[in-house]
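**Student:** model this:
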Amino acid sequence: WAEWLDEESAIFLAQRESESVFFRIEAPEWTPRELRSMRLAVNPAWYPKFTVLNKNPLEVAFSAQNNATPSEIWVAALENTSNNTAPVTAFNAELKQELDVPRLEFFEWTNTRGERLTGYLEGLENLGDKPCPLVVHVHGGPTSSVRTTYLSSLGSLLACQGYLVFYPNYTGSVGRGLAFAESNRGDLGGQDFRDIVSGVEAVRANYNVDPERVYLEGGSYGGFMAMWAATQTDVFAAIAALFGVSDWLSFHGTSNLSDWDEIHLAESPYKYTRYDAFSPIRHVGGVNTPILLLHGKEDPYVPIGQSLQFYRALSDLGREVKLVVYPREGHGFTEKPHVKDAYTRVSEWFRTHTRKPRDSENNRTG
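**Tutor:** Numbers count the residues shown, from 1 in each chain. Below is the predicted model of the structure:
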């Protein structure tokens, strides 16, 4: 998001890992100059927005939140950074007093390529002498990221129920520059999946995690990754895939996202190589993990057929799978009874599954 100050200068807002950063650009070089960085999620949506209140001195207003403060209106001076940035409203003060929010902390690890990656851990207060169950939340996009928001829906609910929740910002996430955001193109389920697995290993190495109660859930691209994980590894006790992609070729023919798959798989759908290689349904024979599939019946982006196909394949093979279809819902659930039902089902799915010894004890993460 950008705002012109005059004909020769503008300010814009960008994300740098966990920070929201304001920059200024000026003619004729148009080289970005950093003004101020804040560990806040500014209007955490696809396109963070702000409003210029004053141009001299430069001052902006925006909606923002972090793990300790629900969404409020904030005002920030961009040229005098010694001034503290603070919310100027208290619309959610009562909510803040009523809720005991799980603790969210920054987490770093090194992936299989030796690269430093970042993410978050929520529910650290649940750790103790007894091993703690772990849930991995895989964000969608994949050109997106997890940020320091006040509660994160399903993940925060699970943290409140005693889980440690891991939010990895894997290869292809935003906040690390354009090259990093595009580096998983042609490799969906490759390095990004290995990043998630290496992140789980790092969490287990640093915290007292129960190895028999490690779970994974995600929606949209995170739903694809959940299906993909079920075909690639046995480390998870159970998996929940929300409106995910199981077959890239049929996705190409039915989704209204036009050429999304061609861009991200970096291949023609009629060449088949990557479309087959990275489609979970082509690897269902390797699934041993119980998987819950949740999908909206009217989803135009990832049509319901993606979950139906995966359910049919796993059922035919005698695997443990459950499918729930929500009427009237599109890409994501909006009706409150459906949201409550979906979250309850995921919670119960994890609560009732513990990893059991399998015929092939392996970690198929290649």
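**Student:** how about the closest residue to residue 120 other than its chain neighbours, what does it touch?
**Tutor:** Nearest residue to residue 120, sequence neighbours excluded (C-beta to C-beta, 6 or more residues apart in numbering): residue 167, at 4.4 Å. The way it works is simple: take the backbone N, C-alpha and C, and place the C-beta from them, glycine included. Applying C-beta atoms under 8 Å, 6 or more residues apart in numbering to residue 167 gives the contacts 119-122, 137, 139, 146, 152, 155.
**Student:** can we see that at 7 Å?
**Tutor:** 119-120, 137, 139, 146, 155 (C-beta atoms under 7 Å, 6 or more residues apart in numbering).
**Student:** residue closest to the middle of this structure?
**Tutor:** Nearest to the geometric centre of the chain sits residue 139, at 1.3 Å (C-alpha atoms, centre = their mean).
**Student:** ok so, going back, and the least confident of the contacts of residue 167?
**Tutor:** Across the contacts of residue 167, no position has a lower pLDDT than residue 146, which has 83.
**Student:** burial measure for that residue, as a count.
**Tutor:** Residues near residue 146, counting by other C-beta atoms under 10 Å, number 25.
**Student:** and residue 276, by the same measure?
**Tutor:** Residue 276 has 14 neighbouring residues, counting by other C-beta under 10 Å.
**Student:** other SSEs contacting the helix or strand hosting it?
**Tutor:** In this structure, residue 276 is located in helix 273-277 according to DSSP states H and E. The contact analysis (3 or more C-beta pairs under 7 Å, 6 or more residues apart in numbering; DSSP states H and E) places helix 273-277 against no helix or strand.
**Student:** buried residues in that helix?
**Tutor:** 274-275, 277 (16 or more other C-beta atoms under 10 Å).
**Student:** and which of the residues you listed is nearest residue 342?
**Tutor:** Distance to residue 342 across these (C-beta to C-beta) is lowest for residue 275, with 28.9 Å.
**Student:** and the gap between that closest one and residue 260?
**Tutor:** 13 Å (C-beta to C-beta, to the nearest Å).
**Student:** got it, and residue 296?
**Tutor:** 18 Å.
**Student:** contacting residues around residue 304?
**Tutor:** 295, 297, 325.
**Student:** list the residues that contact the first one.
**Tutor:** Taking C-beta under 7 Å, 6+ apart as the contact definition, residue 295 lies against 243, 304, 307, 325.
**Student:** what helix or strand is the last one located in?
**Tutor:** Read it as residue 325. Counting by DSSP H and E, residue 325 is found in strand 321-326.
**Student:** tell me the strands beside that strand, with direction?
**Tutor:** strand 291-296 (parallel) (DSSP bridges).
**Student:** helices and strands around the very next helix or strand once past the strand it pairs with, which ones?
**Tutor:** Beyond strand 291-296 on the C-terminal side, the first helix or strand identified by DSSP H and E is helix 305-316. Secondary-structure packing of helix 305-316 (3+ C-beta pairs under 7 Å, 6+ apart): helix 248-254, strand 291-296, strand 321-326.
**Student:** nearest to residue 56 among the buried residues of helix 273-277?
**Tutor:** Scanning the buried residues of helix 273-277 for proximity to residue 56, where the rule is C-beta to C-beta, the winner is residue 274, at 52.6 Å.
**Student:** of residue 296 and residue 260, give the one with the bigger neighbour count.
**Tutor:** Neighbour count, other C-beta under 10 Å: between residue 296 and residue 260, residue 296 has more, with 26 against 13.
**Student:** was I right to think that one contacts residue 324?
**Tutor:** No. Here residue 296 lies out of contact with residue 324, judged by C-beta atoms under 7 Å, at a distance of 10.3 Å.
**Student:** who's in contact with stretch 66-83?
**Tutor:** Against stretch 66-83 from outside (C-beta under 7 Å, 6+ apart): 11, 22, 35-36, 38-41, 53, 57-65, 85-92, 95-96, 101, 104, 148, 150.
**Student:** ranking the contacts of residue 295 by neighbours, who comes first?
**Tutor:** residue 243 (29 neighbours).
**Student:** so what pLDDT did it get?
**Tutor:** If you check residue 243, the pLDDT there is 98.
**Student:** who are the contact partners of it?
**Tutor:** By C-beta under 7 Å, 6+ apart, the neighbours of residue 243 are 219-220, 223, 295-296, 299, 302, 331-332.
**Student:** return the member of the residues you listed nearest to residue 238.
**Tutor:** Nearest to residue 238, judged by C-beta to C-beta, of the contacts of residue 243 is residue 223 at 14.7 Å.
**Student:** do you know how far that closest one is from residue 346?
**Tutor:** Computed as C-beta to C-beta, the residue 223 to residue 346 distance reads 12 Å.
**Student:** now residue 103
**Tutor:** 21 Å.
**Student:** comparing those two, which residue is more hemmed in?
**Tutor:** Under the criterion of other C-beta under 10 Å, the comparison of residue 103 against residue 346 puts residue 346 first, with 22 against 13.
**Student:** element containing the spatially closest residue to that one that is not a sequence neighbour, please.
**Tutor:** Distance criterion C-beta to C-beta, 6+ apart; nearest residue to residue 346, sequence neighbours excluded, is residue 240 at 4.5 Å. Using DSSP H and E, residue 240 sits within strand 238-242.
**Student:** what does that strand rub up against?
**Tutor:** Contacting residues not belonging to strand 238-242 are listed as 215-219, 223, 226-227, 229-230, 289-294, 346, 349-350, 353 [C-beta under 7 Å, 6+ apart].
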